[in-house]
Structure formats: C-alpha cells, structure tokens
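>>> sequence and predicted structure below; questions after.
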Amino acid sequence: MKQYKGSCHCGSVTYEISTDVEFGAVCDCSICKRKGALMGFAEPENFNLLTGEESLSLYQFNSNVAKHYFCSKCGIYTHHYKRSDGKIGFNTGCIEGFDKEDLSEIKQVPGSTFSVVD
Ligand SMILES: [Zn+2]
C-alpha cells in the first residue's frame, strides 16, 4: 500500500494513511457540497493521527453516526468516519504531493439522495 502524509492548512493536524487510492469521490450531500473536497478512502486502522488531536473538532448531524473532523484553528476538513461502511474518508487536498491525475476515476456520490433522519 501507498503511504500518504496529510496535514491541515495551519499544520496543527498531521496524519499518515496507508491505502491504495483507486478512485476519488465528490459527494453532493448537504455537508460535502459545502466542503467541496475531493475525497479518498482508507480502512480506519490504516489511519494514524500524528499530531493535533487537541485541535481537531468533531461535527455531527442528522443520524449522528458519521464523524466529521476539522481543524479548529484553520477550519480545514481533514477526515471523517463514514456512516455506511465504517471507512475513513480523507481530504485529498490535505495530502502531500497528491495528484488527482493519478486517480483512475472520480466518482460522483449522490449523497443528497441518501436517507435522512427526521
Ligand atoms: Zn489547522
């Protein structure tokens, strides 16, 4: 697997991820369309937070299952735990040297059509 290093904008939050990113994803759900991030995915055990735990803020909404993390200093979305399959999603824009041209595919996830909790 490939090793990726990621960081938020201010550098407080840093992490390493081991995964083979075969595709990127852009989602149109209520939070993703606001973030506008191109996401990659990994198994949670292959995500290693190096620094900045104290800077990370957790945001949850709707079913309150997914965990959306962002840096409380610079506001950048770094990663999240998905509701559907327990995988971790991460902001490819945070990854050092990440080139989206290397992706075989960018999937459009129709998150806005997923069930919402009343
Ligand atoms: Zn930051």
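Done, it's in. What you see is a predicted model; the values in this text were computed from it and never measured.

>>> tell me, how many residues neighbour Ala25?
In terms of burial, Ala25 registers 19 neighbours under the definition other Cβ atoms under 10 Å. The C-beta positions use only the backbone N, C-alpha and C, and glycine is treated the same way.

>>> got it, and Lys2?
When neighbours are counted by other Cβ under 10 Å, Lys2 registers 9.

>>> tell me how far the nearest residue to it once chain neighbours are set aside lies from Lys5.
Residue nearest to Lys2 in three dimensions, not counting chain neighbours: Asp20, with 5.8 Å by Cβ to Cβ, 6 or more residues apart in numbering. Separation of Asp20 from Lys5 (Cβ to Cβ, to the nearest Å): 16 Å.

>>> ok, those two, which is more surrounded?
More neighbours surround Lys5 than the other of Asp20 and Lys5, with 14 against 8 (other Cβ under 10 Å).

>>> now stretch 98-106, how far from the chain's geometric center?
For stretch 98-106, the distance from its own C-alpha centre to the chain's C-alpha centre is 15 Å (Cα atoms, centre = their mean, to the nearest Å).

>>> in that stretch, what counts as buried?
Neighbour counts over stretch 98-106 (16 or more other Cβ atoms under 10 Å) mark 98, 103 as buried.

>>> pLDDT on it, on average?
The predicted model assigns stretch 98-106 a mean pLDDT of 93.

>>> got a list of contacts for that stretch?
The contact list for stretch 98-106, computed with Cβ atoms under 8 Å, 6 or more residues apart in numbering, reads 4, 21-26, 38, 92.

>>> now the end-to-end length of that stretch.
Using Cα to Cα, to the nearest Å, one end of stretch 98-106 lies 14 Å from the other.

>>> then stretch 20-36?
The separation between the terminal residues of stretch 20-36, taken as Cα to Cα, is 22 Å.

>>> flag every buried residue along that stretch.
For stretch 20-36, the buried set under the neighbour-count rule, 16+ other Cβ under 10 Å, comprises 21, 24-27, 29, 31-32, 35.

>>> which of these sits closest to Phe70?
Phe70 has its nearest neighbour among those in Lys35, at 8.7 Å by Cβ to Cβ.
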